[in-house]
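Engineer: Have a look; sequence and predicted model below, questions after that.
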Amino acid sequence: MEEYQSTRDFSPRESDFEMLNGFPMVFYANQYFKNFRGAVVADINDDGVQAIVTGSDEIVYAINGSGEIIWESENLPGNITYPPAVADVDGDGLMEIAVNTNYTNNYWDGSVCLFDHEGTMVDRWPVSFDNHTMTCAPAIADIDEDGTMEIISFKRKTGSGNIEAGVYVFTPSGASFSDDWPVIRPGTPAVTPSVGDVDADGSNDIVVQNHPEKGNISYQHRIGCKVVSSGFLNFSKIIRGSVIFLKRKAYG
(Lines give C-alpha, C1' and ligand atoms only; values in the text may rest on other atoms or scores of the structure.)
Protein backbone atom coordinates (compact mmCIF):
# COMPACT_ATOMS: atom_id res chain seq x y z
CA MET A 1 0.00 0.00 0.00
CA GLU A 2 1.35 3.41 -0.96
CA GLU A 3 2.03 5.62 2.04
CA TYR A 4 0.31 9.01 1.98
CA GLN A 5 2.52 12.01 2.65
CA SER A 6 0.88 15.31 3.56
CA THR A 7 2.27 18.50 2.05
CA ARG A 8 0.91 20.68 4.89
CA ASP A 9 3.23 22.25 7.42
CA PHE A 10 2.32 20.98 10.90
CA SER A 11 5.34 22.42 12.70
CA PRO A 12 4.61 24.45 15.89
CA ARG A 13 3.94 28.11 15.29
CA GLU A 14 2.72 31.09 17.28
CA SER A 15 -1.06 31.35 17.45
CA ASP A 16 -2.91 34.31 15.95
CA PHE A 17 -5.48 34.10 18.77
CA GLU A 18 -5.25 36.05 22.00
CA MET A 19 -6.89 35.26 25.33
CA LEU A 20 -9.67 37.75 26.10
CA ASN A 21 -9.36 39.92 29.18
CA GLY A 22 -10.89 38.18 32.18
CA PHE A 23 -9.94 34.72 30.97
CA PRO A 24 -9.04 32.03 31.80
CA MET A 25 -11.40 31.58 34.74
CA VAL A 26 -10.71 29.06 37.49
CA PHE A 27 -13.42 27.26 39.45
CA TYR A 28 -13.52 24.69 42.20
CA ALA A 29 -13.96 21.16 40.89
CA ASN A 30 -14.61 17.77 42.40
CA GLN A 31 -11.29 15.97 42.68
CA TYR A 32 -12.68 12.83 41.05
CA PHE A 33 -15.40 13.98 38.66
CA LYS A 34 -14.72 17.07 36.56
CA ASN A 35 -16.58 18.74 33.73
CA PHE A 36 -14.53 17.61 30.75
CA ARG A 37 -17.05 18.07 27.94
CA GLY A 38 -17.05 21.82 27.39
CA ALA A 39 -19.42 24.76 27.71
CA VAL A 40 -22.45 26.14 25.86
CA VAL A 41 -22.70 29.62 24.31
CA ALA A 42 -26.21 31.12 24.08
CA ASP A 43 -28.17 34.37 24.44
CA ILE A 44 -29.85 33.38 27.70
CA ASN A 45 -31.29 36.83 28.53
CA ASP A 46 -32.64 37.73 25.07
CA ASP A 47 -30.47 40.85 25.07
CA GLY A 48 -28.61 40.04 21.87
CA VAL A 49 -25.41 39.15 23.73
CA GLN A 50 -24.07 35.61 23.97
CA ALA A 51 -23.17 34.19 27.38
CA ILE A 52 -21.07 31.18 28.33
CA VAL A 53 -22.90 28.55 30.38
CA THR A 54 -20.92 25.82 32.09
CA GLY A 55 -20.84 23.74 35.25
CA SER A 56 -18.14 22.89 37.76
CA ASP A 57 -18.47 20.73 40.85
CA GLU A 58 -22.13 21.26 41.87
CA ILE A 59 -22.76 24.75 40.44
CA VAL A 60 -23.86 26.09 37.03
CA TYR A 61 -22.30 29.42 35.97
CA ALA A 62 -23.36 31.98 33.37
CA ILE A 63 -20.41 34.14 32.29
CA ASN A 64 -20.19 37.21 30.06
CA GLY A 65 -17.53 38.02 27.48
CA SER A 66 -15.48 39.97 30.03
CA GLY A 67 -15.07 36.96 32.30
CA GLU A 68 -17.62 38.23 34.82
CA ILE A 69 -20.11 35.86 36.42
CA ILE A 70 -23.67 36.87 35.47
CA TRP A 71 -25.13 34.37 37.91
CA GLU A 72 -24.33 31.11 39.60
CA SER A 73 -26.88 28.48 40.57
CA GLU A 74 -27.60 26.98 43.93
CA ASN A 75 -25.63 23.88 44.86
CA LEU A 76 -27.05 20.98 42.88
CA PRO A 77 -27.70 17.44 44.15
CA GLY A 78 -24.55 16.09 42.50
CA ASN A 79 -21.54 16.86 40.33
CA ILE A 80 -21.78 18.28 36.82
CA THR A 81 -19.63 16.35 34.36
CA TYR A 82 -21.30 17.15 31.03
CA PRO A 83 -22.30 20.41 29.30
CA PRO A 84 -25.72 22.01 29.75
CA ALA A 85 -28.40 22.15 27.06
CA VAL A 86 -30.00 25.56 26.40
CA ALA A 87 -33.36 26.26 24.72
CA ASP A 88 -36.66 28.09 25.24
CA VAL A 89 -38.39 25.11 26.85
CA ASP A 90 -41.71 26.70 27.85
CA GLY A 91 -42.18 29.03 24.87
CA ASP A 92 -41.98 32.31 26.82
CA GLY A 93 -39.17 33.73 24.68
CA LEU A 94 -36.51 33.24 27.36
CA MET A 95 -34.01 30.42 27.59
CA GLU A 96 -33.95 27.59 30.08
CA ILE A 97 -30.86 25.56 30.96
CA ALA A 98 -30.98 21.79 31.48
CA VAL A 99 -28.11 19.96 33.15
CA ASN A 100 -27.51 16.43 34.43
CA THR A 101 -25.72 15.65 37.69
CA ASN A 102 -24.08 12.53 39.12
CA TYR A 103 -22.18 11.18 42.08
CA THR A 104 -23.82 12.59 45.19
CA ASN A 105 -23.02 11.56 48.75
CA ASN A 106 -24.84 8.36 47.81
CA TYR A 107 -22.35 8.16 44.96
CA TRP A 108 -24.44 6.82 42.08
CA ASP A 109 -27.58 8.94 42.45
CA GLY A 110 -28.23 11.18 39.43
CA SER A 111 -30.64 13.99 38.59
CA VAL A 112 -31.91 16.17 35.76
CA CYS A 113 -32.11 19.89 36.62
CA LEU A 114 -33.82 22.76 34.80
CA PHE A 115 -33.04 26.45 35.41
CA ASP A 116 -34.60 29.63 34.14
CA HIS A 117 -32.53 32.32 32.40
CA GLU A 118 -31.61 33.87 35.76
CA GLY A 119 -30.23 30.65 37.23
CA THR A 120 -33.22 29.78 39.43
CA MET A 121 -34.35 26.17 39.54
CA VAL A 122 -37.71 25.77 37.76
CA ASP A 123 -40.64 24.53 39.87
CA ARG A 124 -40.92 20.72 40.13
CA TRP A 125 -37.29 20.26 39.25
CA PRO A 126 -34.87 18.54 39.72
CA VAL A 127 -36.00 15.04 38.78
CA SER A 128 -33.82 12.66 40.79
CA PHE A 129 -33.01 8.97 40.46
CA ASP A 130 -31.76 6.70 43.23
CA ASN A 131 -28.94 4.40 42.16
CA HIS A 132 -29.02 5.70 38.58
CA THR A 133 -26.30 7.78 36.94
CA MET A 134 -26.66 10.29 34.13
CA THR A 135 -23.80 9.36 31.82
CA CYS A 136 -24.28 12.03 29.15
CA ALA A 137 -25.65 15.54 28.64
CA PRO A 138 -29.39 16.16 28.21
CA ALA A 139 -30.95 17.09 24.87
CA ILE A 140 -33.85 19.51 24.31
CA ALA A 141 -36.24 19.19 21.37
CA ASP A 142 -39.91 19.50 20.43
CA ILE A 143 -40.51 15.81 19.76
CA ASP A 144 -44.28 16.06 19.25
CA GLU A 145 -44.13 19.38 17.35
CA ASP A 146 -46.61 21.22 19.57
CA GLY A 147 -44.38 24.27 20.10
CA THR A 148 -43.19 23.17 23.55
CA MET A 149 -39.81 21.59 24.11
CA GLU A 150 -39.13 18.33 25.89
CA ILE A 151 -36.01 17.36 27.85
CA ILE A 152 -34.46 14.04 26.84
CA SER A 153 -31.98 12.24 29.06
CA PHE A 154 -30.21 8.89 29.00
CA LYS A 155 -29.47 7.22 32.34
CA ARG A 156 -27.71 4.12 33.59
CA LYS A 157 -29.03 1.83 36.29
CA THR A 158 -26.23 0.78 38.61
CA GLY A 159 -25.81 -1.54 41.55
CA SER A 160 -26.89 -5.17 41.72
CA GLY A 161 -28.63 -6.89 38.83
CA ASN A 162 -28.37 -6.26 35.11
CA ILE A 163 -27.06 -2.91 33.90
CA GLU A 164 -29.77 -1.01 32.03
CA ALA A 165 -29.89 2.11 29.87
CA GLY A 166 -33.09 4.15 30.07
CA VAL A 167 -34.19 6.89 27.66
CA TYR A 168 -36.39 9.42 29.49
CA VAL A 169 -38.46 12.26 28.03
CA PHE A 170 -39.74 14.99 30.37
CA THR A 171 -42.20 17.83 29.91
CA PRO A 172 -41.29 21.38 31.06
CA SER A 173 -43.04 20.60 34.37
CA GLY A 174 -40.79 17.62 35.08
CA ALA A 175 -43.42 14.98 34.34
CA SER A 176 -42.88 12.02 32.05
CA PHE A 177 -43.87 12.92 28.49
CA SER A 178 -46.17 9.88 28.23
CA ASP A 179 -46.65 6.34 29.49
CA ASP A 180 -44.43 5.15 26.61
CA TRP A 181 -41.37 6.51 28.42
CA PRO A 182 -38.86 5.52 29.61
CA VAL A 183 -37.60 3.06 27.01
CA ILE A 184 -35.25 0.57 28.71
CA ARG A 185 -32.40 -1.18 26.91
CA PRO A 186 -29.64 -3.47 28.22
CA GLY A 187 -26.19 -1.98 28.63
CA THR A 188 -24.59 1.35 29.46
CA PRO A 189 -25.54 4.69 27.83
CA ALA A 190 -22.73 6.05 25.68
CA VAL A 191 -23.57 9.49 24.30
CA THR A 192 -26.05 12.36 24.45
CA PRO A 193 -29.34 11.65 22.60
CA SER A 194 -29.81 13.19 19.16
CA VAL A 195 -33.17 14.25 17.73
CA GLY A 196 -34.18 14.56 14.09
CA ASP A 197 -36.47 13.25 11.37
CA VAL A 198 -34.34 10.21 10.57
CA ASP A 199 -36.84 8.42 8.32
CA ALA A 200 -38.13 11.59 6.59
CA ASP A 201 -41.75 11.03 7.61
CA GLY A 202 -42.21 14.56 8.96
CA SER A 203 -41.91 13.71 12.67
CA ASN A 204 -38.95 13.75 15.02
CA ASP A 205 -37.13 10.62 16.14
CA ILE A 206 -34.60 10.01 18.94
CA VAL A 207 -31.27 8.30 18.37
CA VAL A 208 -29.11 7.07 21.26
CA GLN A 209 -26.12 4.78 21.58
CA ASN A 210 -25.33 2.25 24.29
CA HIS A 211 -22.85 -0.49 25.14
CA PRO A 212 -24.62 -3.80 25.79
CA GLU A 213 -22.94 -7.01 26.94
CA LYS A 214 -22.96 -8.35 23.38
CA GLY A 215 -22.20 -5.54 21.00
CA ASN A 216 -24.58 -4.86 18.16
CA ILE A 217 -26.31 -2.07 16.33
CA SER A 218 -30.07 -2.20 16.82
CA TYR A 219 -32.92 -0.28 15.26
CA GLN A 220 -36.06 0.67 17.19
CA HIS A 221 -39.18 2.49 16.21
CA ARG A 222 -42.61 2.96 17.74
CA ILE A 223 -45.76 1.52 16.22
CA GLY A 224 -48.67 2.51 18.44
CA CYS A 225 -47.55 1.72 21.97
CA LYS A 226 -45.20 -1.13 21.07
CA VAL A 227 -41.47 -0.98 20.55
CA VAL A 228 -40.27 -2.99 17.57
CA SER A 229 -36.57 -3.82 17.57
CA SER A 230 -34.20 -5.68 15.28
CA GLY A 231 -30.43 -6.05 15.39
CA PHE A 232 -28.81 -5.72 12.01
CA LEU A 233 -25.05 -5.67 12.56
CA ASN A 234 -23.00 -7.66 15.08
CA PHE A 235 -19.96 -5.92 16.51
CA SER A 236 -19.20 -8.50 19.22
CA LYS A 237 -15.74 -9.21 17.80
CA ILE A 238 -14.94 -5.60 16.90
CA ILE A 239 -16.44 -3.14 19.36
CA ARG A 240 -19.08 -3.27 22.03
CA GLY A 241 -21.76 -0.78 21.12
CA SER A 242 -25.17 -0.22 19.64
CA VAL A 243 -27.18 2.51 18.01
CA ILE A 244 -30.87 2.71 18.92
CA PHE A 245 -33.46 4.56 16.88
CA LEU A 246 -36.68 5.42 18.73
CA LYS A 247 -39.62 6.22 16.52
CA ARG A 248 -42.02 8.76 17.99
CA LYS A 249 -45.55 7.49 18.50
CA ALA A 250 -48.18 9.38 16.49
CA TYR A 251 -50.06 11.89 18.65
CA GLY A 252 -53.29 13.68 17.99
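Structural biologist: Received, thanks. Numbers count the residues shown, from 1 in each chain.

Engineer: Which parts of the stretch 1-150 of the chain are strands?
Structural biologist: With strands called from DSSP state E, counting those that start in this stretch, the stretch 1-150 of the chain shows them at 40-42, 51-56, 59-63, 69-72, 85-87, 96-101, 110-115, 127-129, 132-134, 139-141, 150-157.

Engineer: need these in a markdown table with mean pLDDT, distance to M19 and mean neighbour count, can you?
Structural biologist: Where you see a C-beta, it was placed from the backbone N, CA and C, and this is true even at glycine. Shown next, in a markdown table, are the strands of the stretch 1-150 of the chain (pLDDT from 0 to 100; distance: least, Cβ to Cβ, whole Å; neighbours: other Cβ atoms under 10 Å):
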| stretch | mean pLDDT | distance to M19 | mean neighbour count |
| --- | --- | --- | --- |
| strand 40-42 | 95 | 16 | 17 |
| strand 51-56 | 93 | 14 | 22 |
| strand 59-63 | 94 | 14 | 21 |
| strand 69-72 | 96 | 18 | 15 |
| strand 85-87 | 97 | 24 | 21 |
| strand 96-101 | 95 | 25 | 26 |
| strand 110-115 | 92 | 28 | 25 |
| strand 127-129 | 86 | 38 | 18 |
| strand 132-134 | 75 | 32 | 23 |
| strand 139-141 | 95 | 31 | 22 |
| strand 150-157 | 85 | 34 | 25 |
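
Engineer: In TSV, list those along with distance to V195.
Structural biologist: As requested, the strands of the stretch 1-150 of the chain are arranged in TSV below (distance: least, Cβ to Cβ, whole Å):
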stretch	distance to V195
strand 40-42	16
strand 51-56	20
strand 59-63	22
strand 69-72	28
strand 85-87	11
strand 96-101	13
strand 110-115	16
strand 127-129	19
strand 132-134	17
strand 139-141	4
strand 150-157	7
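
Engineer: and of these, who's closest to I184?
Structural biologist: Among these, the nearest to I184 by Cβ to Cβ is strand 150-157 (8.4 Å).

Engineer: now the closest one against strand 110-115, angle please.
Structural biologist: 160 degrees (axes from the mean of the first three to the mean of the last three Cα atoms, to 10 degrees).

Engineer: Partner strands of strand 150-157 and their direction?
Structural biologist: When pairs are called by DSSP bridges, strand 150-157 turns out to pair with strand 132-134 (antiparallel), strand 139-141 (antiparallel), strand 164-170 (antiparallel).

Engineer: how about CSV for the ones you listed, with distance to D199 added?
Structural biologist: Shown next, in CSV, are the strands paired with strand 150-157 (distance: least, Cβ to Cβ, whole Å):
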stretch, distance to D199
strand 132-134, 28
strand 139-141, 16
strand 164-170, 18
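
Engineer: right, and these - which one's nearest G22?
Structural biologist: Of all the strands paired with strand 150-157, strand 139-141 comes closest under Cβ to Cβ, at 28.6 Å.

Engineer: Great, nothing more from me.
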